[in-house]
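K.L.:
Let's see this in three dimensions:
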Amino acid sequence: MSRAAVLLTGVGKRYDIVSCFARLTATIAADPSPLAPARYAAHVRAAVPLIEDPGYVPALERLCEQHRVGAVLPLTDLDIEVLADARADGRLPAFVPPPEIARATYDKYEAHLLLERVSLPSPPTALPEDGLEALPYPAMVKPRRGSGARSIHLARDAAQARFFVDYTPEPVMIQQAMAGPELSIDCLGDLDGRCINAIPRTMLESRGGESIKGAVVRDEELIALGRRTMEALAVTGPATIQVFRDPGLGVRITDVNTRFGGAFPAPAYAALPGRTYPELIVAMASGETVEPHVGEFRAGMTFTRYYWQLELDERLSPTGRDIVPGGPPDPR
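P.N.:
Numbers count the residues shown, from 1 in each chain. This next block holds a predicted model:
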């Protein structure tokens with residue numbers, strides 16, 4: 001494999017993402033848990049310190065030097081800011097946004113303020129101390145740093161909002177509840193923050209805040225919004241922009257996740273030949289220039305995700321056995 005290697009952090013269960021990169025180039029999977037299933041799809045499994053450990057970035061630096069890594073990508077929210085600081089300091093070739101964008105998008109209220117500053121549409125949002133009576137209801141009480149749909153509560157009036165504010169044991173914000181369909185835009189930005197592509201999809205079903213069923217759609221408004229958001233925030237690497245198309249407010253952005261989303265299969269299926277996001281990332285990591293081709297994809301396909309598993313021996317090495325000989329059967 002002559003192309004630059006890729007280092008993926010916090011790989012967890014994302015066997016699909018790791019497998020796509022491992023098909024293209026040498027792939028290193030870093031996760032502190034020896035039982036993270038996606039580690040076993042990589043060429044190299046690496047145990048690293050926890051993100052808050054001072055040795056976390058040095059451990060990634062050693063892996064980059066050892067394996068000629070050209071791109072470091074996070075597969076969770078937890079270390080995006082750490083990687084952004086390391087990229088800004090010239091320590092890691094991380095495909096993440098600038099540090100100030102990483103910090104703002106990890107805090108949902110700061111993300112709302114950021115979107116307003118760059119003239120991007122965000123729902124009416126407030127903090128508990130701003131006065132709850134003036135907010136439009138129903139409204140969602142959300143942790144400012146929540147993920148996976150954790151601790152989100154629907155309040156139908158100010159009294160309920162105050163109850164949920166007091167009930168939730170962490171800083172929260174209150175945001176007008178959106179009606180209408182929920183959609184996402186899976187995007188990729190180059191090393192200069194140009195949007196390479198923006199692929200919208202429906203969110204047919206989510207579990208724990210992660211999309212498990214959806215369909216790729218051609219929606220020119222969302223394609224343009226995805227491009228505008230990526231370039232306004234100068235995002236390098238993948239990002240998933242979540243929106244609602246509210247009957248009264250129109251399209252509003254409710255979340256910007258600067259990493260691959262749960263619905264990674266959607267843009268992978270939709271991409272034209274040779275243009276999946278892993279292929280483009282490996283090309284950029286190897287020093288190639290990738291020209292933007294926003295809006296060039298195939299719409300109409302639906303994805304649905306399912307579970308599979310690995311058996312490990314007493315040394316936590318794969319046994320090669322499966323519950324179905326030969327692995328998952330081909331779809332019928």
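K.L.:
my read: residue 91 touches residue 57, true?
P.N.:
Yes - assessed by C-beta atoms under 8 Å, residue 91 is found in contact with residue 57 at 6.2 Å. Glycine gets a C-beta too; all of them are placed from N, C-alpha and C.
K.L.:
of those two, who's got more company?
P.N.:
residue 57 (21 against 16; other C-beta atoms under 10 Å).
K.L.:
For the more buried one, which non-adjacent residue is spatially closest?
P.N.:
residue 86 (5.0 Å; C-beta to C-beta, 6 or more residues apart in numbering).
K.L.:
what do you get for residue 12?
P.N.:
residue 36 (5.3 Å).
K.L.:
try residue 59
P.N.:
Residue 59 sits nearest to residue 48 (C-beta to C-beta, 6+ apart), 4.5 Å away.
K.L.:
got it, and residue 237?
P.N.:
Take residue 237 and drop its neighbours on the chain: the residue closest to it by C-beta to C-beta, 6+ apart is residue 95, 3.1 Å away.
K.L.:
number of nearby residues for residue 34?
P.N.:
Neighbours of residue 34 under the rule other C-beta under 10 Å: 10.
K.L.:
show me the contacts for it.
P.N.:
47, 316 (C-beta atoms under 8 Å, 6 or more residues apart in numbering).
K.L.:
now it: how far from residue 45?
P.N.:
Taking C-beta to C-beta, to the nearest Å as the measure, residue 34 falls 8 Å from residue 45.
K.L.:
Ok, residue 11 next?
P.N.:
Counting by C-beta to C-beta, the separation of residue 11 from residue 45 is 9 Å.
K.L.:
again, but for residue 37
P.N.:
Here the criterion is C-beta to C-beta. By it, residue 37 lies 11 Å from residue 45.
K.L.:
Could you do residue 173 as well?
P.N.:
Residue 173 is 38 Å from residue 45, where distance means C-beta to C-beta.
K.L.:
Which one's more surrounded, those two?
P.N.:
residue 173 (23 against 18).
K.L.:
helix/strand/coil for that one?
P.N.:
strand (DSSP: H, G, I helix; E, B strand; the rest coil).
K.L.:
Around the nearest residue to it once chain neighbours are set aside, how many other residues sit close by?
P.N.:
Closest residue to residue 173 apart from its sequence neighbours, by C-beta to C-beta, 6+ apart: residue 109 at 4.3 Å. For residue 109, the count of nearby residues is 19 (other C-beta under 10 Å).
K.L.:
now do residue 247
P.N.:
Neighbours of residue 247 (other C-beta under 10 Å): 9.
K.L.:
how close does it sit to residue 178?
P.N.:
Note on residue 247: its distance to residue 178, by C-beta to C-beta, is 10 Å.
K.L.:
where does the residue nearest to residue 57 land on pLDDT?
P.N.:
Listed pLDDT for residue 86 reads 98.
K.L.:
is it true that the residue nearest to residue 237 touches residue 236?
P.N.:
Yes - the pair residue 95 / residue 236 is scored as a contact, 5.3 Å apart, by C-beta under 8 Å.
K.L.:
Now the common contact residues for these two.
P.N.:
Counting by C-beta under 8 Å, 6+ apart, the shared contacts of residue 95 and residue 236 are residue 191.
K.L.:
Any regions of the chain where pLDDT drops low?
P.N.:
Applying pLDDT under 70 to the chain flags the ranges 1, 146-150.
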